[in-house]
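Chemist: okay, here's the prediction I keep looking at, along with the sequence it came from:
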Amino acid sequence: MIGDENELIEHRLGKLNALRAMGLDPFAIERYDRTDMAGEILADSEGYGEKEVSIAGRIVSLRPMGKAAFAHVVDSSGRIQIYIKSDTVGPDVYKLIELMDIGDIVGVRGTVGKTRTGETTVFVSGFQILAKSLRPLPFGKQKGEQEWYGLEDVDTRYRQRYADLIVNPEVMEVMQKRSLIIRAIRQFLDAEGFIEVETPVLQAVAGGAAARPFTTHFNALDHDFHLRISLELYLKRLIVGGFEKVYEMSRVFRNEGLSTRHNPEFTLMELYQAYTDLEGMMDLVERLFGHICQTLYGGLTLTFQGQTIDFTPPWPRIPLLEGIEKYSGVKPEEFATVESAKSAGERLGLPMEKENSIGGIVDKIHEKFLQPKLIQPTFITEFPVDISPLAKKDPANPSMTRRFEPYIVGQECGNAFSEINDPLDQRDRFVQQAKMRASGDDEAHPMDEDFLRALEYGMPPTGGLGVGIDRMVMLFTDAPSIRDVILFPQMKPETK
RNA sequence: GGGUCGUUAGCUCAGUUGGCAGAGCAGCUGACUCUUAAUCAGCGGGCCGAAGGUUCGAGUCCUUCACGACCCA
């Protein structure tokens, strides 16, 4: 979009043309061999002696002073000062300083030393501009006493994440941590003997969660497909097929709104383990979160938004209705019928007009009264059957299921259950869901005959777990918004 | 979906009861061979988110729209 060029861009184009006229077209350069990274030099500034180093990176500050100049160069390892003196590089090379801008990519040769004030600096013997920055970086805020900030406008930050990354280095740090977390999850699961698989993103029936899917048309098959909303039903097909410990960590898509905790495409990790149950999954969750915390912070505690969170097992296990009674006063018996549950909800001041299922009301009261109290890691267990169409019923109380959700800092961090492996029960649940769908609940679970056929071949007793990776990364990076942990969050397209 | 707030220079923001469009930073010109996002002197830079309306006159008031933030559903 260099059509909207202004004076600033005009000047930089002029400098580019001057470089080209001198036979120094930066964009003709294909390669620059580096001997060292900025971070390595800063870490061992005494160890370089007279050795010549070559570094490359982006100019982020420039202080020319007549016939000498200071600048800072940033590469992926850090930021180092360079000092260029006309006497050293010769007047012809020094002239290039006039054609250099903050934002340019440069290659620098020189020796390592310290300036009078003690800052480790590369004393330049030669340099070249490797790429010209034509568009000024969104630097330049002064606030109070000489404090500097980069880009703040969140709209621009998300739409131009490339500029955000240059100007706000903490974004890069969060994304590096995200990579460490994902690696730690894979290490943990590999060590536990899990096999990572890939299942279809395009699905004729999008099930495994209560959410609206995105729909797309498959031209060759002349059929509408959905983008998956979960990984569950294909992974359980694999358990039927003989995999005993299997997982997938990948993107799923839900056609819903955006918020500080929701992005319509997000990363989900689901795992399934044959011959174990809910309690086996709780044990695994405790160890998984503990492993990640150890890897990142060397212990079992971290700070999130000022609160200290302790992952030391065992985490408390609280049945959902017990927790609701404790924090809202509503007794479990009140959830016996939709009518009594509704009046309990109304008593608490919650809008109940649209509610027509016990599970929905339980969920709403939970969200408002119990969930915000669950700061330290806690397992909430025993969810109503009508909002848990894939979880085994509790033999002691068939209106509830053998399901749990872990909560940390008031946020749901996962979902797990003893999986239904009775194809007859599963069919009944799907039929129930179909009725809910028919009465207007478009997030009710769709019928999936192929999945039922798989269960009919026989699936071992199985424990399953799903964890939203983006929310997990928020927790481990102290990020208040999901957009802080997603490089390119979903936005409405620009209209210009 | 509802409410509140926001959108002015590259960035961050002022702009009074409606009366010439402002600041800091960065940019440009000049000076300066150890600076700390230097310093000194000078100079440019605007479709005030878009469209309509009220008015002699709108950045400012009204309406609609677009995009965003926060809260609620």
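Modeler: That came through, no problem.
Chemist: C-alpha from now on. contacts and neighbour counts both.
Modeler: Fine.
Chemist: contacting residues for the residue in the stretch 201-350 of chain A that RNA strand B sits nearest to?
Modeler: Closest to RNA strand B within the stretch 201-350 of chain A is A:Thr260: 5.5 Å, counting by C-alpha to the nearest atom of the strand. Each residue near A:Thr260 by C-alpha atoms under 8 Å, 6 or more residues apart in numbering is listed here: A:480-483.
Chemist: please report how far it lies from A:Pro351.
Modeler: Distance of A:Thr260 to A:Pro351, given as C-alpha to C-alpha, to the nearest Å: 23 Å.
Chemist: flag every residue of the stretch 301-450 of chain A that's near RNA strand B.
Modeler: A:350-351 (C-alpha under 7 Å from any atom of the strand).
Chemist: run through the stretch 301-450 of chain A and note the low-pLDDT ranges.
Modeler: Nowhere does the stretch 301-450 of chain A drop to pLDDT under 70.
Chemist: could you find the closest non-adjacent residue to A:Glu286?
Modeler: Distances taken as C-alpha to C-alpha, 6 or more residues apart in numbering place A:Pro313 nearest to A:Glu286, at 6.2 Å, with adjacent residues excluded.
Chemist: burial check on the one you found, number of neighbours?
Modeler: The tally of other residues near A:Pro313 (other C-alpha atoms under 10 Å) stands at 14.
Chemist: over to A:Arg427?
Modeler: A:Arg427, neighbours per other C-alpha under 10 Å, totals 18.
Chemist: with A:Asp36 instead?
Modeler: The tally of other residues near A:Asp36 (other C-alpha under 10 Å) stands at 14.
Chemist: pLDDT at it, what is it?
Modeler: A:Asp36 carries a pLDDT score of 96 in this model.
Chemist: ok, it - contacts?
Modeler: Applying C-alpha under 8 Å, 6+ apart to A:Asp36 gives the contacts A:53-55.
Chemist: same thing but at 10 Å, please
Modeler: When contacts are counted by C-alpha atoms under 10 Å, 6 or more residues apart in numbering, A:Asp36 touches A:52-56, A:77.
Chemist: next: A:Arg261.
Modeler: Contacts of A:Arg261 by C-alpha under 10 Å, 6+ apart are A:411, A:470-471, A:474, A:480-483.
Chemist: 7 Å instead, please
Modeler: By C-alpha atoms under 7 Å, 6 or more residues apart in numbering, A:Arg261 lies in contact with A:481-482.
Chemist: what's in contact with stretch A:386-395?
Modeler: For stretch A:386-395, the surrounding residues in contact (C-alpha under 7 Å, 6+ apart) are A:359, A:385, A:400-403, A:417-420, A:426, A:429.
Chemist: what residues of it count as buried?
Modeler: Residues of stretch A:386-395 classed as buried by neighbour count (16 or more other C-alpha atoms under 10 Å): A:386-394.
Chemist: re the thing from before, go through the contacts of A:Thr260 and name the one nearest RNA strand B.
Modeler: RNA strand B has its nearest neighbour among those in A:Ser481, at 6.5 Å by C-alpha to the nearest atom of the strand.
Chemist: once you drop chain neighbours, what's closest to that closest one?
Modeler: Take A:Ser481 and drop its neighbours on the chain: the residue closest to it by C-alpha to C-alpha, 6+ apart is A:Thr260, 4.5 Å away.
Chemist: all strands of the stretch 201-350 of chain A, in order?
Modeler: With strands called from DSSP state E, counting those that start in this stretch, the stretch 201-350 of chain A shows them at A:202-203, A:215-218, A:223-227, A:245-253, A:265-274, A:301-304, A:307-310, A:317-319.
Chemist: out of those strands, which is closest to A:Lys15?
Modeler: Among the strands of the stretch 201-350 of chain A, the nearest to A:Lys15 by C-alpha to C-alpha is strand A:265-274 (42.2 Å).
Chemist: wait, does the biggest strand by length in chain A contact RNA strand B?
Modeler: The residue-count maximum for a strand in chain A (DSSP state E) belongs to strand A:52-65. Yes. With C-alpha under 7 Å from any atom of the strand as the measure, strand A:52-65 is seen reaching RNA strand B through A:60-65.
Chemist: what's the following helix or strand after that strand?
Modeler: strand A:68-75 (DSSP states H and E).
Chemist: can that next one be found next to RNA strand B?
Modeler: Yes. Using C-alpha under 7 Å from any atom of the strand, strand A:68-75 reaches RNA strand B at A:68, A:70-71.
Chemist: which one of these sits closest to A:Lys15?
Modeler: The closest of the residues of strand A:68-75 next to RNA strand B to A:Lys15 turns out to be A:Ala71 (C-alpha to C-alpha; 18.2 Å).
Chemist: quick check: the closest one touching A:Ile84?
Modeler: No. Contact criterion C-alpha atoms under 7 Å: A:Ala71 and A:Ile84 do not qualify, at 8.3 Å.
Chemist: which of those two has more neighbours?
Modeler: Neighbour count, other C-alpha under 10 Å: between A:Ala71 and A:Ile84, A:Ile84 has more, with 25 against 18.
Chemist: strand partners (parallel or antiparallel) of the one helix or strand that one maps to?
Modeler: Per DSSP H and E, A:Ile84 falls inside strand A:78-85. The strands beside strand A:78-85 in its sheet (DSSP bridges) come out as strand A:68-75 (antiparallel), strand A:120-131 (parallel).
Chemist: just give the closest residue to A:Ser125, not the sequence neighbours.
Modeler: Across the structure, with C-alpha to C-alpha, 6+ apart as the measure, the residue nearest A:Ser125 apart from its sequence neighbours is A:Gly110 (4.8 Å).
Chemist: surely the one you found forms part of a helix?
Modeler: No. A:Gly110: not assigned to a helix; according to DSSP: H, G, I helix; E, B strand; the rest coil it is strand.
Chemist: report how many residues lie close to it.
Modeler: Neighbour count for A:Gly110, taken as other C-alpha under 10 Å: 21.
Chemist: name the residues linked to it by a beta bridge.
Modeler: A:Val53, A:Val124.
Chemist: returning to what we had before: any idea how far the residue nearest to A:Ser481 lies from A:Ile486?
Modeler: Per C-alpha to C-alpha, A:Thr260 is found 11 Å from A:Ile486.
Chemist: then A:Ile239?
Modeler: Here the criterion is C-alpha to C-alpha. By it, A:Ile239 lies 31 Å from A:Ile486.
Chemist: ok, A:Val122 next?
Modeler: Remark: distance between A:Val122 and A:Ile486 (C-alpha to C-alpha) = 35 Å.
Chemist: what of A:Glu198?
Modeler: Counting by C-alpha to C-alpha, the gap from A:Glu198 to A:Ile486 is 22 Å.
Chemist: before I go, just wanted to say thanks for your time.
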